[in-house]
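Undergrad: Any chance you could fold what I've pasted below:
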Amino acid sequence: FPSWGSRSVRVFRWHSGQPQSNHKSLVARLVFSTHFEVFYTCIILLNCGTMSIDAHIQVVHNHPAFLTRALLICDHIFTALFFIEFLLKLKVFGWRFYWPSSVNKRWNFLDASLVLSTGVLVTWIVPLFAWTFGLSLDAESIKILNVLRTARLARMVRVAQRVHAFKEAWMLIRGLSDSVRTLFWTCVVVCFVTYIFAIFGLLAIIMPLQERYNELLSQQATDEDSLETVLKLEEVLEISTGMDQLMYTLIQILMGDSYHSFTRTIMKHLQWSWLYFYSYIAVAVLVLMNLVTAIIVDNALSTSRMDEESQVKQKEMAKDRDIRELKKLFDTMDADGSGTLSWDEFKDSFDDPEMSKKWVLLDFQPGECRELFSLLDDGDGEIATEEFFDGLRRMKGLAQSKDIFRMQKCIVHVAGMLEEVKDQVNTLKHLRPQVFTKRAVPISPSSGSSFASTLHHQLLGNSPGPDPPEPGEEPPAALPEQL
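TA: Here you go, the predicted model:
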């Protein structure tokens, strides 16, 4: 029942697990807390920082001797912290939390695999095994495996999604994920356009340049201008001869890199070549890149417009899921299959350990059993299916919702009592109208309770009676004892 109860229960739905112990236990509250997730995200960032320092000192050998030992100690500390996190989640959620049966659990499985493989296995088990049997260990290969820990930075997405301070970061991450498909097709279209221009460029530009280059070589010119021209042509042909070379050069133009040096060399021999290069810039840069930007912006706007529809669908799905879970709970509690819950059946559900855990997840403690039954019951001593569904759905949410529902039930109960008092007063007015002729007490929500108390004491004869009459006023007749 992940969508009910307190904030911690909503976090329980996000983790997609079933806690094996009491939700109110210290370990469960620790694992469910946002501070726990933020703390371990900071630890992952620190671990990535130490890995970058380790990679730096592998290349730059001029470093203090103590730095290597300090990094090794930090590696063991990080491994211990990650393993403790794994054990805490295993205790709270059980092994099914890491079984890759759904999308969220696949991420949990991947995260646990990184902890056990790049942490426990590489940092502790493999070195211990090598030391025990006297085997040589390639430390460099092991450090390369440790780099896989950086994949755990994907957990920052969870923090950005849950913490309000990272709202803008979450919007950027969401926009990036929504643009993956557009990015893929952009790369495909850019490669296709570049491929077409490269074919044309090889035939119309590179082949004439090769002929010109060979012609200059055959002339065996020795003057300075001719030698400079040959060298520049050689540089141009070196970066543009072949499909792969020319496509890479065109991508360089697409990225806005420095390309005027070799395009001016080509224009000295083929004056019309500027049409080729600027046509590619117009198609690939001015048109295609702006279209990609427009598509990404349009997708972002479409996503924001679809948010309301998706929220409505999510609410409907949550409502259907709640009904299914409530029906399952009701059927489990209804031992005799009568379609209603008696007090004994309701009480037995709180006494059963498994059912008691479900009530705890709904934010109801065993001590609230009698109160909850009174809230759900309409007065006939049994809870029907509609009463059970309607009552629990209205109490869905934080504790304040439960208090408001309790207040509503109390108001309804008081209103019913006042109606009974009003009917009794009307009956008494028909029996003894002279009692109410002089000093009639109005019936209202504010005075009904005091009036009922006064009338009760008068009927029983154990109170001082009504207020004394005003001076000159005839006292009311006493109520007969038989009433």
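
Undergrad: Would you map the helices across the stretch 351-483 of the chain?
TA: Ranges of helices within the stretch 351-483 of the chain are 353-361, 369-376, 385-394, 399-431, 448-460, based on DSSP state H, counting those that start in this stretch.

Undergrad: Which secondary structure elements does the third one sit against?
TA: It refers to helix 385-394. Packed against helix 385-394 by the contact rule (3 or more CB pairs under 8 Å, 6 or more residues apart in numbering; DSSP states H and E) you find helix 290-333, helix 369-376, helix 399-431. (Glycine included, C-beta is placed from N, CA and C.)

Undergrad: redo that, cut-off 10 Å
TA: Helices and strands touching helix 385-394, by 3 or more CB pairs under 10 Å, 6 or more residues apart in numbering; DSSP states H and E, are helix 290-333, strand 340-341, helix 369-376, helix 399-431.

Undergrad: ranking the ones you listed by burial, who's on top?
TA: Among those, strand 340-341 has the highest mean neighbour count (mean count of other CB atoms under 10 Å), at a mean of 20.

Undergrad: Residue ranges in the stretch 251-400 of the chain under the pLDDT threshold?
TA: Applying pLDDT under 70 to the stretch 251-400 of the chain flags the ranges 304, 307-311, 319, 322-323, 326, 361-362, 393, 395-400.

Undergrad: Which parts of this structure are strands?
TA: For the chain, the strands defined by DSSP state E occupy 340-341, 383-384.

Undergrad: hmm, back to that, now the helices of the stretch 351-483 of the chain as CSV including distance to residue 133?
TA: Listed next are those as CSV, based on distance: least, CB to CB, whole Å:
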stretch, distance to residue 133
helix 353-361, 47
helix 369-376, 61
helix 385-394, 61
helix 399-431, 59
helix 448-460, 86
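
Undergrad: looking at those, which is closest to residue 66?
TA: With respect to residue 66, and counting by CB to CB, the nearest of the helices of the stretch 351-483 of the chain is helix 353-361 at 50.7 Å.

Undergrad: returning to that earlier point: what about the helices of the stretch 351-483 of the chain, which gets the closest to residue 332?
TA: The nearest among those, by CB to CB, is helix 353-361 at 6.8 Å.

Undergrad: about what we covered before: make JSON lines out of the helices and strands packed on helix 385-394 and add distance to residue 200.
TA: Converted to JSON lines, those look like this (distance: least, CB to CB, whole Å):
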{"stretch": "helix 290-333", "distance to residue 200": "22"}
{"stretch": "strand 340-341", "distance to residue 200": "80"}
{"stretch": "helix 369-376", "distance to residue 200": "78"}
{"stretch": "helix 399-431", "distance to residue 200": "70"}
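
Undergrad: Give me the distance between stretch 380-387 and the centre of its chain.
TA: In this view, stretch 380-387 has its centroid 37 Å away from the chain centroid, taken as CA atoms, centre = their mean, to the nearest Å.

Undergrad: Ends of it, what's the gap?
TA: Using CA to CA, to the nearest Å, the span of stretch 380-387 from its first residue to its last is 11 Å.

Undergrad: got the contact list for the closest residue to residue 296 other than its chain neighbours?
TA: Closest residue in space to residue 296, ignoring its immediate chain neighbours: residue 179 at 5.2 Å, by CB to CB, 6 or more residues apart in numbering. If you count contacts by CB atoms under 10 Å, 6 or more residues apart in numbering, residue 179 has them with 186, 292, 295-296, 299-300.
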